[in-house]
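**Student:** here is the input, now give the coordinates:
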Amino acid sequence: MRSSLSLASLSLALGATAEPWSNGPGQETQTYQVIPTGSQLDFEISVNSETTKIDQKVWISGNLVSSKSDSAGMEPAVFYGFNECVDHSCGTLKAYSWSNITVHLSDADENYGNTFSLFNAASDGPTTSDGGKTWYIDSIRFAKDYLYEDDSVQECY
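**Tutor:** Model prediction:
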């Protein structure tokens with residue numbers, strides 16, 4: 001799966017990194033890379049056919065900034081994304097969108113589109129033209145998000 005995110009005018013400090021898929025204790029992340037305002041973010045998640053590990057890559061404006069391979073034998077079954085507050089760097093996140101999303105399944109599944117659900121986001125949903133092996137999502141539009149440890153709703157950018 002490869003998808004893109006365009007950040008046109010955010011002043012909140014944002015970061016990106018590849019994170020593990022393992023089920024072990026703790027989350028072994030890499031260093032977050034700052035995303036400059038106006039950058040395009042590209043993500044790729046795939047199962048490496050030679051190592052059976054999950055390969056993840058993150059590009060900022062065409063430059064590879066993070067990659068991770070782990071969890072041999074595990075097969076991703078969920079397309080999932082969320083906003084999180086790291087190291088108490090919280091604030092209000094303006095609305096944004098992901099675009100040009102492609103999901104390649106190992107086996108065709110005509111019902112995959114029926115499993116698509118969103119929270120605090122909107123989309124026209126996934127479509128397929130090959131019987132369910134490859135799915136396309138034109139865009140997912142995420143609403144503004146309030147990332148405060150006390151769950152408050154504040155307009156602070």
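
**Student:** from Thr52, how far out is the residue most central in space within the chain?
**Tutor:** Nearest to the geometric centre of the chain sits Gly81, at 4.5 Å (C-alpha atoms, centre = their mean). Distance from Gly81 to Thr52, counting by C-beta to C-beta, to the nearest Å: 24 Å. Where you see a C-beta, it was placed from the backbone N, CA and C, and this is true even at glycine.

**Student:** report the buried residues of stretch 98-112.
**Tutor:** Trp98, Ile101, Val103, Tyr112 (16 or more other C-beta atoms under 10 Å).

**Student:** now the terminal residues of that stretch, how far apart.
**Tutor:** From its first residue to its last, stretch 98-112 covers 19 Å (C-alpha to C-alpha, to the nearest Å).

**Student:** chain center to that stretch, what's the gap?
**Tutor:** Taking C-alpha atoms, centre = their mean, to the nearest Å, one finds stretch 98-112 lying 14 Å from the centre of the chain it belongs to.

**Student:** pLDDT on that stretch, on average?
**Tutor:** For stretch 98-112, the mean pLDDT works out to 88.

**Student:** now stretch 143-157
**Tutor:** pLDDT averaged over stretch 143-157 gives 77.

**Student:** in it, which residues are buried?
**Tutor:** Asp145, Tyr146, Leu147.
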